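Peer 1: here's my sequence, what's the structure:
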Amino acid sequence: MARLPSPPCLAQIQAAGTCSEQAVALRALRDEIIGHVQRKEEYVQHGILDVLVEILQSSTRSPKRSSGKEPSHAGQRPVLAEDEVVRLLALQLLAGFANGGSAFLAPLQAADVIPAILPATSPNDNPPQVVLAALRLLSSMTASARVAQDAEKTTSHLADVLFSARSLEALRAILSQDSPDLGIQEQKRLVTGLITRLCKTTKDQNALAESGVLDALATLLASFAVARGEVIPGAEALGRADGLVDFIPRPAPPGADLASVLGALSSIIVHSRYRSYLLLQSPSILAVFPWAEFTPPAPETRAAWIALEMHGLRPIRPRGPGAVDFLLPAIPLPPPKPRPGEFPPLVTSPSREALAANSSLSSFRFTGVEQSRGEADDEEDSEEPESPLIPWLIHLIRTTDDLERVMAASLLASLFKAGFTSPDRDQYLALLVVPVLCRLLSENDKEVPAPVQRAATVDPETALRWTIMEQAPEVLARFVGENGTLQKAAAECGVIKLAAKLLKDSYAPHPVQLPPKLWSANPERSNGEIKELPASRQLGLPGRVPAYSHKIQMRESALKLVAAMATLNHAYRDALVEADVAAYVVESLAPCPGRPKSSKDTPATEKGAGADKDQPPYGLNPTSVIIAACHATRTLARGPSIVRTTLQDHGFAMPVYQLLKHPDPDVQVAASSAVINLVSNVSPMAKTLVDAGIIQTLCEHAHSLNPGLRLNALWALKHLVADLDNHHRKKCLEELEPGWLVQLISDDRLEEEARARARAERRCTDADEDEDMESEGAYDGDNDWQRDWTWPGLGIAGPGGVVSPRLQLASAKLATLRDAEVNPARRARNDSLAIQEQGLGFIRNFLLLPSHGQPPSPSELHDMVDYLFTEIGQDRLFAILADKLKVRVVNAFGRRSTASGSARGRDANNGNASSTTLVLYPQARIVESLTYILVHIAASVPRHRQLVVAQTDLLKLLGAHLGSKDPGVRRALCQLFTNLTWVEDNGDTQPCAQRASELKRLGFLAKLEGMEQGDADLGVRERARAAIDQMKKPMLKDAQW
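Peer 2: Next up, the predicted model:
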């Protein structure tokens, strides 16, 4: 086969003998391919990418004098050396190829472009023009990856390479540059955009947080507050006391992008208390936003607050509002709810003169940990006060526009879900934030014109509007999920109809998915010729049109909003069902969806099969959409009536069951969580799923190494077994394997096992990585907790070289939060406790026979108890239950501590783990579950009740929990004593009297009498009274005999 001649520009580049000749040839090539996709394809097939990568790898670097660290003079940038000009042109050419579309990503990756350009991103070693060109190339590749057919895989690869250890240092250096130059600001905008679009995994988020990138972004955010003139009054004086005054940054220059900084911060801290607290305690945030009580000089500024307090519409708090609070309108707050059994306290409102006296002068007062405990604030809550950053973000949402509003709300949502807002903020969010997000969605929800639906590119205005539409529903979902106050506010803003509309619009048939192929007069190469070329010279699959990618992203965001609104209130679930979202949710469970149909259009058995793959009008659902649909299914299934009617009519059972066998483990975890509510005793789909073989599938997942999948499978089995007949119950236990169940409920998974599992997972992951990935030193998230990491705040000293007590306490809390989230032993122990709870719940429901309108017979229960004793072992079961009630001491004898809940076990000065021990007390939910196991055993024949009473040590351990703070534990124990003293027949009178006497001897009668008189829970008091009556009757009869 004859080889086609190389294009002239390529031959000139390869034949160039000097840098100047090479630069001339590169400029000619740049002029030739700009805006011409077909010429780009031709050059790629002739191997231009390998040539450009070789240029980047072989070029010598300029001396450090031309680094971007040097400020420019009079707007002039440093003159580049000839070799740097060649590197710059090579980067610009690669960016031009990346802008050609997703088809160019495959050859770019095959040519190892990313490892070659990463050294060019360091501002310490490269001129600013080179750094900017490298960042533009990375940004272009990320934009092309977003519309690629394998978008998830491609973006994940980019993130793995970009967030390696060497690259993180370069990113931090770029963000830390202190220059108003527009080129430097563009560098920062590109870096923050890369973080926003690529930072999705916990490993990458922890890497960015602990490498200094989070602190650099926090400094940029603080600089915007300085530029807006919204620094806390007196921050400079307070900063001197803590040594933080030097961390007040310069004002942000005019070219800085606030929205990108907010988006990057939100991407890093989302779903993490540790990273959220790391942001709040960043030195720049502490310096610009210290907590200080503030009294405005103008009385009219505080007039609204005074009026609300005088009329009882705001609680009178010991700690007054901060300075940023006065930038917000005064919001009426509902009165605090009294605790059960308590009357609201009788308080007197302060006089008009007393309230006005506090508004005469402008003042501030620091209220940190250094305040004396002998002052009037001695009765204040000892919890840390809310950061002024929270109200400032609310202020930003009210005063900015478009994307800045959405990104500020996203960052605020992360801090809110992490629990760092005061209880009063719910009302502020309901009145000041949720309506803004709903209005943004309504204003930007516009019909896409037909030409735009087919276009390969869109204008910036349309791209901005689409970004707002994609981000706002997801942010709103994070706010309203599991929060009744915000859900009510969102419902009043019409968000249910809006979410349904967005979901339905995402299923409007799309005219095209791929851009039209350009006509060419030159004949194309045959497939055989192309396959013979190296991978770096073969184009990949073409990308989707932007409108199609936007529609799929809107589908995911709308599903998240539907799931969030269905979490708590049954009325909202009914409203979603009336809006006909179920038909669209069930199609979102299929990788290849068809036309959403109502339950009247087609039989339920036809649902879930998906559409014909040859018919693409409704697109393909990526795993992110499928996972969001699983979450929406689970929350909708919280309503029993919806499970019995809507979900059954739309045939949710089989699509979810099929996803249990999906190759992606994340989809399996999400599907198993959706199954939990579909197999409950109120679900008519349980029989369909049992017939399909779900028992075997769930039992296989219960043996999985994935703790999330194992937990959800056990949870679903717990619900499923409660309504099965004895035959299927025994089959379920056989499939689960009694020995494995025993291991699940008795395994605490200490640190050594967790480390072994983490090492095994890393070996499996690293086996797929190439040498270039390994040479970059990829960040190892599983070993975060072992790395030497010190919070920068510990190096900040106040007057006299003493670290502020406020910073010391923040360091101790950071160490605790970090250990709780990053330490694999802690995570493994928490997973084990959750799995033990569901395993015990499975045994509890295994013994709970279904009534089906009639009480279960003692013989049926007797059979199941004996079967359980046979399979597990009678003595072994009681020994396991007793072991669950014992206090455990972990990490004794000098092993590494994993303490939580306090700073105990850690050195507050350096955050390193110490060798002190950790005491673990039995969890209330585990105690409740194992107590009900004994309750069901005692509900069987008298022989089993005698057996339980004979477990003296076990009963003594249970007796210690009669004073548990959890009322569910106390109610379960009362029910146990009632069952143990139940008289089966006349022949059981004497044995029952002996059982009652034994319980009395162990002191339970006296404790029950105390609970009857003084327990705060009415249900506990009633059950204690019943247990006392039941216990005294056989003893009285025995005395009469």
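Peer 1: what segments of this structure are strands?
Peer 2: 292-295, 363-366, 888-890, 918-920 (DSSP state E).
Peer 1: quick one: low-confidence parts of the stretch 801-950 of the chain?
Peer 2: 851-859, 890-917 (pLDDT under 70).
Peer 1: what does the stretch 401-550 of the chain give?
Peer 2: Applying pLDDT under 70 to the stretch 401-550 of the chain flags residues 518-531.
Peer 1: how about the stretch 651-800 of the chain?
Peer 2: 747-789, 793, 797-800.
Peer 1: what pLDDT does the closest residue to Ala173 other than its chain neighbours get?
Peer 2: Using Cβ to Cβ, 6 or more residues apart in numbering and skipping the chain neighbours, the partner closest in space to Ala173 is Pro123 (5.1 Å). To be clear about C-beta, it is placed using only N, CA and C from the backbone, and glycine gets the same treatment. Listed pLDDT for Pro123 reads 94.
Peer 1: and Ser72, by the same measure?
Peer 2: As predicted, Ser72 sits at a pLDDT of 44.
Peer 1: swap in the one 10 residues further on?
Peer 2: You'll see Glu82 listed with a pLDDT of 87.
Peer 1: burial count for it?
Peer 2: Using other Cβ atoms under 10 Å, the number of residues around Glu82 comes to 15.
Peer 1: all helices of the stretch 451-600 of the chain, in order?
Peer 2: Under the criterion DSSP state H, counting those that start in this stretch, helices of the stretch 451-600 of the chain are mapped to 460-480, 484-492, 495-505, 527-531, 546-565, 570-578, 582-588.
Peer 1: adding mean neighbour count and distance to Ser997, write those out as a markdown table.
Peer 2: Formatted as a markdown table, these follow (neighbours: other Cβ atoms under 10 Å; distance: least, Cβ to Cβ, whole Å):
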| stretch | mean neighbour count | distance to Ser997 |
| --- | --- | --- |
| helix 460-480 | 21 | 56 |
| helix 484-492 | 19 | 49 |
| helix 495-505 | 21 | 60 |
| helix 527-531 | 10 | 87 |
| helix 546-565 | 25 | 55 |
| helix 570-578 | 18 | 48 |
| helix 582-588 | 26 | 58 |
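Peer 1: mind putting these in CSV, distance to Val270 included?
Peer 2: Shown next, in CSV, are the helices of the stretch 451-600 of the chain (distance: least, Cβ to Cβ, whole Å):
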stretch, distance to Val270
helix 460-480, 8
helix 484-492, 17
helix 495-505, 21
helix 527-531, 42
helix 546-565, 13
helix 570-578, 24
helix 582-588, 23
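Peer 1: of those helices, which is nearest Arg1021?
Peer 2: Proximity to Arg1021 (Cβ to Cβ) singles out helix 484-492 among those, at 28.4 Å.
Peer 1: helices and strands around that closest one, which ones?
Peer 2: The contact analysis (3 or more Cβ pairs under 8 Å, 6 or more residues apart in numbering; DSSP states H and E) places helix 484-492 against helix 425-428, helix 434-444, helix 460-480, helix 546-565, helix 570-578.
Peer 1: and the contacts of that helix?
Peer 2: 426-427, 429-431, 434-435, 438, 476, 479-480, 496, 564-565, 567-569, 572, 575 (Cβ atoms under 8 Å, 6 or more residues apart in numbering).
Peer 1: measure stretch 239-249 end to end?
Peer 2: 12 Å (Cα to Cα, to the nearest Å).
Peer 1: buried sites along it?
Peer 2: Within stretch 239-249, the residues scored as buried using 16 or more other Cβ atoms under 10 Å are Gly239, Ala241, Asp242, Gly243, Leu244, Phe247, Ile248, Pro249.
Peer 1: do I have it right that the fourth one meets Pro792?
Peer 2: No: if you go by Cβ atoms under 8 Å, Gly243 and Pro792 don't touch, sitting 12.0 Å apart.
Peer 1: which residues touch Cys19?
Peer 2: Glu82, Asp83, Val85, Val86.
Peer 1: buried ones among those?
Peer 2: Among the contacts of Cys19, those classed as buried by 16+ other Cβ under 10 Å are Asp83, Val85, Val86.
Peer 1: gap between the last one and Phe479?
Peer 2: Distance of Val86 to Phe479, given as Cβ to Cβ, to the nearest Å: 51 Å.
Peer 1: who are the contact partners of the residue sitting nearest the centre point of the chain?
Peer 2: Centrality entry for the chain: nearest residue to the mean C-alpha point is His271, 3.5 Å, by Cα atoms, centre = their mean. If you count contacts by Cβ under 8 Å, 6+ apart, His271 has them with Thr202, Ser414, Lys417.
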